[in-house]
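>>> Attaching a predicted model along with its sequence, questions to come.
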Amino acid sequence: MSEEMNLLLPFESYEENAVNIGTQQKSADMARFIERVREDGLYLLDVNITDSRIRLIAEFLNRYDPTRIMVVSARQYGQRPARLFSEAIGANAAVGRFIPGSLTNPVLRSYVEPDILFVTDPAADQQALREAVNSGLPIVGIVDANNNLRNVDIALPANNKGRRSLALVYWLLAREVLKARGQMTDEDWAASQDLEEWQSTF
């Protein structure tokens, strides 16, 4: 129970937003992030690890110039949160279909040269992931129970398919990045950024 006392948000907030609800398939890579398997066969992710990874990733992202951070989300439910997260911390977002060559072909109008790539789902964002690997970029990714971690340098275990879960993860990560910079308090963030807005699909 003492571990839960130190969470960034109450355990119930993670649970209500289905952050810990994984898939019915589990990859070998993700075994260490799984807390247990539910009666219906869904793997549940360990919220304590998710929480500590959010802190770790916030610190890691702050080592980079925010304008050199690239956040991608091909997944529909990740697009709005990824965009809002990018706006909040000053990063670049590429949501929706990722244009092939955006990280490797200087001739393209969409070409960018980030220092780090943040993916919403390594499987759905495969094209961006592949190009980042070819460019030697560090990769941070939100990973679900069924994801492969081969090319992900820092994994953030969480439900990366649900609307509410993705919104909460990005909302919380933005808060922690800004807090680490000394630009925000929990109270200021809650007052200025309505989580429900992040969870909206419009």
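Everything's here; your move. These numbers come from a predicted model, not from an experiment.
>>> ok, and the closest non-adjacent residue to the residue most central in space within the chain?
Closest to where the C-alpha atoms of the chain average out (CA atoms, centre = their mean) is residue 142, at 4.1 Å. Excluding the flanking residues, the one nearest residue 142 by CB to CB, 6 or more residues apart in numbering is residue 160, at 4.3 Å. Every residue, glycine included, has its C-beta placed from N, CA and C.
>>> cool, residue 90 as well?
Closest to residue 90 by CB to CB, 6+ apart is residue 66, at 3.6 Å.
>>> what's the spacing between the one you found and residue 151?
23 Å (CB to CB, to the nearest Å).
>>> do residue 73 as well
Per CB to CB, residue 73 is found 17 Å from residue 151.
>>> Give me the more crowded residue out of the two.
residue 73 (30 against 15; other CB atoms under 10 Å).
>>> sorry, back to before: got a list of what the residue nearest to the centre of the chain touches?
78, 119-121, 156, 158, 160, 166, 169 (CB atoms under 8 Å, 6 or more residues apart in numbering).
>>> do residue 51 as well
7-9, 14.
>>> if we go to 6 Å?
7-8 (CB atoms under 6 Å, 6 or more residues apart in numbering).
>>> contact partners of the strand or helix carrying residue 133?
Assessed by DSSP states H and E, residue 133 sits inside helix 126-134. The contact list for helix 126-134 (CB under 6 Å, 6+ apart) reads 72, 98, 100, 103-104, 117, 119, 122, 139, 151.
>>> swap in stretch 100-117?
Taking CB under 6 Å, 6+ apart as the rule, stretch 100-117 contacts 64, 68-70, 99, 127, 131-132, 135, 137-139.
>>> Buried residues of it, list them for me.
102-103, 114, 116-117 (16 or more other CB atoms under 10 Å).
>>> Dump that stretch to CSV, keeping only the CA atoms.
Once non-C-alpha atoms are left out, stretch 100-117 reads as follows in CSV (Å, rounded to 0.1, in the frame of the first residue of the first chain):
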residue,chain,number,x,y,z
PRO,A,100,7.2,7.7,-45.4
GLY,A,101,10.6,9.4,-45.7
SER,A,102,9.7,12.1,-43.2
LEU,A,103,12.8,11.2,-41.1
THR,A,104,15.1,10.0,-43.9
ASN,A,105,14.4,12.0,-47.2
PRO,A,106,15.5,15.6,-47.1
VAL,A,107,13.6,16.3,-50.4
LEU,A,108,10.2,15.9,-48.8
ARG,A,109,8.3,18.9,-47.4
SER,A,110,7.5,16.8,-44.3
TYR,A,111,11.2,16.1,-43.6
VAL,A,112,12.3,16.8,-40.1
GLU,A,113,15.5,16.0,-38.1
PRO,A,114,14.5,15.3,-34.5
ASP,A,115,16.8,14.2,-31.8
ILE,A,116,14.3,11.7,-30.3
LEU,A,117,11.1,9.9,-31.4
